[in-house]
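Participant: only geometry, no sequence info:
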């Protein structure tokens with residue numbers, strides 16, 4: 001059964017189940033597990049552990065890239081970048097009832113994403129990001145406004161360079177959801193920073209317009 005859980009305006013992205021275990025009990029309602037490994041057994045254990053933690057705390061788990069494992073482990077949401085989208089079996093994902101989020105960075109990628117009928121579309125990097133080197137220039141909040149006008153009711157996720165201090169710009173530009181990685185995982189106090197994000201995003205985005 002496809003998940004009908006409303007998407008939270010605060011979207012935390014982490015790379016290990018240990019982070020899920022540490023931060024989800026604080027009140028995180030939507031988290032992506034973005035684990036990079038070629039070891040399928042390791043990936044499966046990480047996904048399984050994150051799945052169980054999220055289930056016990058009412059948190060929506062979104063598995064990055066590994067859609068086959070997400071299906072096999074009974075998860076209900078997967079996120080794909082454009083390269084993984086091109087190789088994924090969308091029919092299998094749909095048949096398994098998984099919801100789908102897709103990354104976009106330019107016009108061509110947006111058109112490709114829309115054809116897949118995703119449950120959300122992410123645009124980034126909104127600002128420069130220290131997480132990884134990217135070929136795209138920062139999109140800017142103005143680009144979020146343009147993207148939202150083009151995707152209509154599909155939830156828009158802003159990602160890349162976000163911080164608590166920039167949330168007003170993100171939501172005022174039309175984003176429904178604010179995604180974060182390093183502002184929390186590389187913060188001196190990830191727990192306090194997570195709580196700050198929760199406080200700053202409650203009642204924003206989709207919740208504010210519903």
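Facilitator: Arrived safely. In this text, all values refer to a predicted model and were calculated from it rather than measured experimentally.
Participant: if I pick residue 194, what's in contact with it?
Facilitator: Counting by C-beta atoms under 8 Å, 6 or more residues apart in numbering, residue 194 touches 12, 23, 26, 28, 184. The C-beta positions use only the backbone N, C-alpha and C, and glycine is treated the same way.
Participant: give me the pLDDT for it.
Facilitator: Per-residue pLDDT puts residue 194 at 98.
Participant: helix or strand: which one has it?
Facilitator: helix 190-201 (DSSP states H and E).
Participant: buried residues, that helix. List them.
Facilitator: 190, 193, 194, 196, 197, 198, 200, 201 (16 or more other C-beta atoms under 10 Å).
Participant: likewise stretch 7-25?
Facilitator: Across stretch 7-25, burial judged by 16+ other C-beta under 10 Å covers 7-15, 17, 19-24.
Participant: ok, back up a step: narrow the contacts of residue 194 to those in helices?
Facilitator: If you go by DSSP state H, the contacts of residue 194 have 23, 184 in helices.
Participant: closest one to residue 80 out of the contacts of residue 194, please.
Facilitator: Proximity of those to residue 80 (C-beta to C-beta) peaks at residue 12, which lies at 18.4 Å.
Participant: what's the most distant pair in the buried residues of stretch 7-25?
Facilitator: Maximum pairwise distance in the buried residues of stretch 7-25, criterion C-beta to C-beta, is 23.5 Å, between 9 and 17.
Participant: in the protein, which ranges drop under the pLDDT threshold?
Facilitator: For the chain, the stretches with pLDDT under 70 are 1-4, 131-133, 207-210.
Participant: quick one, helices of it?
Facilitator: 17-23, 40-57, 67-72, 82-87, 90-95, 107-115, 141-151, 167-172, 182-185, 190-201, 206-209.
Participant: can you lay out those as a markdown table showing distance to residue 32?
Facilitator: Shown next, in a markdown table, are these (distance: least, C-beta to C-beta, whole Å):
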| stretch | distance to residue 32 |
| --- | --- |
| helix 17-23 | 10 |
| helix 40-57 | 10 |
| helix 67-72 | 11 |
| helix 82-87 | 13 |
| helix 90-95 | 16 |
| helix 107-115 | 17 |
| helix 141-151 | 19 |
| helix 167-172 | 17 |
| helix 182-185 | 12 |
| helix 190-201 | 14 |
| helix 206-209 | 17 |
